[in-house]
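A.B. asks: Show me the folded form of this:
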Amino acid sequence: MRTLSRKAAAWACGATIAAGGAGVGVYFAVATDQVPGAAGHHAVVHASPPPLRLVSISPANGSQGADGADNITVTFNQPLPAAAPLPQLSPAVAGTWQREGDAAVFTPQTGIPPSTTETVMVSAGDGGVRSGKSSFTTAAYSTLRLQELLAQLGYLPMSWTPDVGAAIPSGSAAAQLAAVYEPPPGTFQWQQGYPASLHDFWQQGSANTLDKGAISAFEANRGMPIDGVAGPKVWAALLSAAEAGAGNPHGYSYAIASQSEPETLTIWHDGRQVFSSLANTGISVAPTPVGTFPVYEKLPFQVMQGTNPDGSTYADPVQWVSYFEGGSAVHYIARGAYGYPQSLGCVELPYSAAEQAYPYLTYGTLVTVTP
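C.D. replies: This next block holds a predicted model:
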């Protein structure tokens, strides 16, 4: 063998990573040492480390209903070199990547939004060529957990108590987030004093009318647009309120407008009847909608404008207005008498009664209009 007069070393590196472990990534080194002047001295070859290879990505490719609060783990057959880029997420998620042994682990800051398809991209070396990719879809947030939180915060006519040992630690954002995917076990208990008919609008674990009213009330209290739908912004605000223990400052109200003559409006608040008055509902050609609806707009004064059944128009000053469905509202308007159909779809009250009812008909309050 030819003898060199100095120490010689050669280094080479490369990487190819493919999801599922089909490809290999190579970081290797070969070095030869020779002793000057030592004729016939054999070269010493240092063994190269094994090629870097992607072993797995968790959650697995194609997974449905993944827990968005969990970590994402990309595992290799050896520690990821410091010079190698960390995996990337699309869409981007707030959080941090860390090298932990043979894995790169991503911890989301506030979780991955519900029903989101997330893609994990593994880069091959410093060149940034994305040769490894895996996608999964997060689960929707639990309706049951939504109901638990709304009950705990006073937005439902019932309480919720977690089972022994199942309570979420106070002030723990991570624990609150984990619970939206796996609700802790517990018990709902109806508050006494409301009419039994209110129970008909409730279904534990499934979206229902009580939920819509409660969400509307929460949105109003947080200064959010009111639609009664628990979207990502509502969930974020709800989890924040749960952490802070920020309950419903207005209590829970429920109202029934009875069209049995004499027509009446009755209101219950925090488990007791607080209001009852004669009322007017719609005439046959402009009936008040029958059903149960949450209050979505409130105005202490308004000039109501519209068209009468005969084609003429009106512009009537009204007060203490609480809209619950389309153009139908509970409000005051001057009438010679109350207790029978006179309105064009609204629930009309005498002035003093309307003024008394107005504070109880908070945003999200369910108003039931009977046939």
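
A.B. asks: I'd guess residue 176 is in a helix, am I close?
C.D. replies: Yes. Assigned with DSSP: H, G, I helix; E, B strand; the rest coil, residue 176 falls within a helix.

A.B. asks: In its sheet, which strands sit next to the strand ranked longest in the chain, and in what direction?
C.D. replies: Counting by DSSP state E, the longest strand found in the chain is strand 313-325. Sheet pairing of strand 313-325 (DSSP bridges) gives strand 297-307 (antiparallel), strand 328-332 (antiparallel).

A.B. asks: Tabulate those (CSV), appending mean pLDDT.
C.D. replies: Compiled in CSV, these are given as follows (pLDDT from 0 to 100):
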stretch, mean pLDDT
strand 297-307, 97
strand 328-332, 98
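
A.B. asks: Of those, flag the one that's most buried.
C.D. replies: Among the strands paired with strand 313-325, strand 328-332 has the highest mean neighbour count (mean count of other CB atoms under 10 Å), at a mean of 24. C-beta coordinates here come from the backbone N, C-alpha and C atoms, glycine included.

A.B. asks: what's in contact with that one?
C.D. replies: Under the criterion CB atoms under 8 Å, 6 or more residues apart in numbering, residues 255, 257, 265, 279, 282, 288-289, 297, 302, 304, 318-324, 345-351, 353-355, 357, 361, 367 lie in contact with strand 328-332.

A.B. asks: Alpha carbons only: can I get that strand in PDB?
C.D. replies: This file holds the C-alpha atoms of strand 328-332, laid out as PDB (Å, rounded to 0.1, in the frame of the first residue of the first chain):
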ATOM      1  CA  SER A 328     -90.700  38.500  15.700                       C
ATOM      2  CA  ALA A 329     -89.900  40.100  19.100                       C
ATOM      3  CA  VAL A 330     -91.300  40.600  22.600                       C
ATOM      4  CA  HIS A 331     -91.900  44.300  23.000                       C
ATOM      5  CA  TYR A 332     -94.200  47.100  24.300                       C
END
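
A.B. asks: Check which element follows it along the chain.
C.D. replies: Per DSSP states H and E, the first helix or strand lying C-terminal to strand 328-332 is strand 347-349.

A.B. asks: what helices or strands is that following strand leaning on?
C.D. replies: Counting contacts by 3 or more CB pairs under 8 Å, 6 or more residues apart in numbering; DSSP states H and E, strand 347-349 packs against strand 328-332.

A.B. asks: so how far is the strand it packs on off the chain centroid?
C.D. replies: In terms of CA atoms, centre = their mean, to the nearest Å, the centre of strand 328-332 is found 33 Å from the chain centre.

A.B. asks: Same check on stretch 153-172?
C.D. replies: For stretch 153-172, the distance to the chain centre is 17 Å (CA atoms, centre = their mean).

A.B. asks: Okay, now stretch 113-132: how far is its last residue from its first?
C.D. replies: With CA to CA, to the nearest Å as the measure, stretch 113-132 spans 23 Å from end to end.

A.B. asks: Then stretch 268-277?
C.D. replies: 13 Å.

A.B. asks: give me the beta-bridge partners of residue 291?
C.D. replies: Under the criterion used (DSSP bridges), residue 291 bridges to residue 369.

A.B. asks: That one and residue 282, how far apart?
C.D. replies: As judged by CB to CB, to the nearest Å, residue 291 and residue 282 stand 13 Å apart.

A.B. asks: Neighbour count: those two, which is higher?
C.D. replies: Legend: neighbour count by other CB atoms under 10 Å for residue 291 and residue 282, higher for residue 282 (20 against 13).

A.B. asks: got the contact list for that one?
C.D. replies: Residue 282 neighbours (CB under 8 Å, 6+ apart): 288, 328, 341, 343-346.

A.B. asks: Quick check: the farthest pair among the residues you listed?
C.D. replies: 328 and 341 (13.4 Å; CB to CB).

A.B. asks: so how far is stretch 229-237 from its chain's centroid?
C.D. replies: Distance, centroid of stretch 229-237 to centroid of chain: 4 Å (CA atoms, centre = their mean).

A.B. asks: does the residue nearest to the spatial centre of the chain count as helix, strand or coil?
C.D. replies: Centroid-nearest residue in the chain: residue 235, 3.1 Å away (criterion: CA atoms, centre = their mean). What three-state DSSP gives for residue 235 is helix.

A.B. asks: ok, it - contacts?
C.D. replies: Residues in contact with residue 235 (CB under 8 Å, 6+ apart) are 114, 141, 146, 180.

A.B. asks: Residue 91 is nearest to which of the strands paired with strand 313-325?
C.D. replies: Ranking the strands paired with strand 313-325 by proximity to residue 91 (CB to CB) places strand 297-307 first, at 34.8 Å.

A.B. asks: neighbouring contacts of that closest one?
C.D. replies: Residues from elsewhere that reach strand 297-307 (CB under 8 Å, 6+ apart): 226, 313-323, 327, 329, 331, 344, 358, 361-363.

A.B. asks: Direction included, what does the strand or helix carrying residue 75 pair up with?
C.D. replies: Using DSSP H and E, residue 75 maps to strand 72-76. When sheet partners are counted by DSSP bridges, strand 72-76 sits next to strand 54-58 (antiparallel), strand 103-108 (antiparallel).

A.B. asks: right, and the helix or strand after that strand?
C.D. replies: Following strand 72-76 toward the C-terminus (DSSP H and E): strand 88-90.
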